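Enquirer: Structure for this input, please:
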Amino acid sequence: MGVIKLRDEFIKLGQALKAAGLVESGAEAKEVITDGLVRVNGETDTRRGRKLYAGDIITFDGEEVKIED
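Expert: Down below sits the predicted model:
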């Protein structure tokens, strides 16, 4: 499981996918999110601007990334 350390109170879903290296660009992040391929805490989320906080887990393409303080 990968980890993203928060620099602020939250990180947006699209930014988190890029920071984790799961996608190469914001456009690719938008595409996979709107296509329903990304899960947050086990549930599909199609909002690129979804705010993620410490403890949240994103899953995409068989990879899991945990958000930490």
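
Enquirer: Give me the next element, helix or strand, following the lengthiest helix in the chain.
Expert: The longest helix of the chain (DSSP state H) is helix 26-34. Counting by DSSP states H and E, the element after helix 26-34 in chain order, helix or strand, is strand 38-40.

Enquirer: Check which residues of that following strand are buried.
Expert: By neighbour count with 16 or more other Cβ atoms under 10 Å, strand 38-40 contains the buried residues 38, 40. (Glycine included, C-beta is placed from N, CA and C.)

Enquirer: so what strands line up beside whichever helix or strand comes after it?
Expert: On the C-terminal side of strand 38-40, the closest following helix or strand by DSSP H and E is strand 43-44. Partners of strand 43-44 in the sheet, by DSSP bridges, are strand 38-40 (antiparallel).

Enquirer: just how off-centre is the longest helix of the chain within its chain?
Expert: Averaging C-alpha positions (Cα atoms, centre = their mean, to the nearest Å) puts helix 26-34 11 Å from its chain's average.

Enquirer: Sheet-wise, list the partners of the top strand by length along the chain with their directions.
Expert: Within the chain, and with DSSP state E defining each element, the longest strand by residue count is strand 63-68. Next to strand 63-68 in the sheet, as set by DSSP bridges, lie strand 2-5 (parallel), strand 57-60 (antiparallel).

Enquirer: Look up the closest residue to residue 37, ignoring the ones flanking it.
Expert: Leaving out its chain neighbours, the residue that sits closest to residue 37 by Cβ to Cβ, 6 or more residues apart in numbering is residue 60, at 6.2 Å.

Enquirer: Just want to check the distance between that neighbour and residue 2.
Expert: According to Cβ to Cβ, to the nearest Å, residue 60 stands 11 Å off from residue 2.

Enquirer: The two: which is more packed in?
Expert: Neighbours per residue, other Cβ atoms under 10 Å: of residue 60 and residue 2, the larger number sits with residue 60, 20 against 12.

Enquirer: mind listing what that one touches?
Expert: 17, 22, 23, 32, 37, 38, 39 (Cβ atoms under 8 Å, 6 or more residues apart in numbering).

Enquirer: Can you tell me which of the residues you listed is closest to residue 67?
Expert: Distance to residue 67, by Cβ to Cβ, is smallest for residue 17 among these, at 11.7 Å.
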